[in-house]
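Q: Please find the sequence and the predicted model below.
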Amino acid sequence: GNSVTQMEGPVTLSEEAFLTINCTYTATGYPSLFWYVQYPGEGLQLLLKATKADDKGSNKGFEATYRKETTSFHLEKGSVQVSDSAVYFCALIPNTNAGKSTFGDGTTLTVKP
Amino acid sequence: NAGVTQTPKFQVLKTGQSMTLQCAQDMNHEYMSWYRQDPGMGLRLIHYSVGAGITDQGEVPNGYNVSRLKKQNFLLGLESAAPSQTSVYFCASSSLGGARSEAFFGQGTRLTVV
């Protein structure tokens, strides 16, 4: 079956540091890939997405590139802020069954001033 | 601008009790899903629906049933609650062609089974 593996957390950074959260996936065909963010006590919100190989998703300074050759979708941000503290989830939706999405375990990010 | 609304937000059940978690969306989305979120395990798909009257099992369907009589509503039922079902439950919806669309999530239902 499909699977998503995320870099284990928690991750603690100082403000303005560079962020990378690794995500690799296993899936047949060409899934769409997503990063979601969850703030305390809330549901998940879409952060960015990419629907085909070499696409780059970006939003709020975060970026991720769909790399089919390495089956990866790593999340990056050049300069994190305290307000970026949250749990980040990598996810895929297969093109063969759009109802069956698969999520990674989540990575907790804490940014200290 | 309601989006996806889940009720209740919190619930405590005794082992063996039954209950229904409700989810409503006002975006005319075809796809709806139920997930459970447990510490260190991400979100796991319980059941999903691709339209009114059409449902299918996800990764962890045992102990749960679902109903989608109307397009805008997706109900998750626990017939006989067990402590292992203590979790946070999220409902999500997305438009047709989910692979090209984002999922919108509700705020979650925190369920405790004692």
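A: Structure received.

Q: Please make it C-alpha for all contacts and neighbour counts, starting now.
A: OK.

Q: which parts of chain A sit against chain B?
A: A:31-32, A:41-46, A:51, A:89, A:93-95, A:98-106 (CA under 8 Å from any CA of the partner chain).

Q: out of the residues you listed, which are buried?
A: If you count burial by 16 or more other CA atoms under 10 Å in any protein chain shown, the buried members of the residues of chain A next to chain B come out as A:31-32, A:43-46, A:51, A:89, A:93-95, A:98-106.

Q: So which of these belong to helices?
A: Using DSSP state H, no member of those falls in helices.

Q: residue ranges for the strands of chain B, please.
A: B:4-7, B:10-13, B:19-25, B:31-37, B:43-51, B:54-57, B:64-67, B:75-78, B:87-94, B:104-105, B:109-113 (DSSP state E).

Q: wait, what's in contact with the residue in chain A that chain B sits nearest to?
A: In chain A, the residue that lies nearest chain B is residue A:105 (3.6 Å; CA to the nearest CA). By CA atoms under 8 Å, 6 or more residues apart in numbering or on different chains, the residues touching residue A:105 are A:5-6, A:89, B:40-43.

Q: quick one: the strands in chain A?
A: A:3-6, A:11-14, A:19-21, A:23-26, A:32-38, A:44-50, A:56-59, A:62-65, A:75-77, A:86-93, A:102-103, A:107-112.

Q: can you put those in CSV and add mean pLDDT?
A: What follows is the strands of chain A, written out as CSV (pLDDT from 0 to 100):
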stretch, mean pLDDT
strand A:3-6, 94
strand A:11-14, 97
strand A:19-21, 97
strand A:23-26, 96
strand A:32-38, 94
strand A:44-50, 93
strand A:56-59, 96
strand A:62-65, 98
strand A:75-77, 98
strand A:86-93, 94
strand A:102-103, 91
strand A:107-112, 96
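
Q: Now render these as JSON lines, adding distance to residue B:70.
A: Output for the strands of chain A, formatted as JSON lines (distance: least, CA to CA, whole Å):
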{"stretch": "strand A:3-6", "distance to residue B:70": "31"}
{"stretch": "strand A:11-14", "distance to residue B:70": "42"}
{"stretch": "strand A:19-21", "distance to residue B:70": "39"}
{"stretch": "strand A:23-26", "distance to residue B:70": "34"}
{"stretch": "strand A:32-38", "distance to residue B:70": "28"}
{"stretch": "strand A:44-50", "distance to residue B:70": "24"}
{"stretch": "strand A:56-59", "distance to residue B:70": "34"}
{"stretch": "strand A:62-65", "distance to residue B:70": "37"}
{"stretch": "strand A:75-77", "distance to residue B:70": "37"}
{"stretch": "strand A:86-93", "distance to residue B:70": "24"}
{"stretch": "strand A:102-103", "distance to residue B:70": "25"}
{"stretch": "strand A:107-112", "distance to residue B:70": "36"}
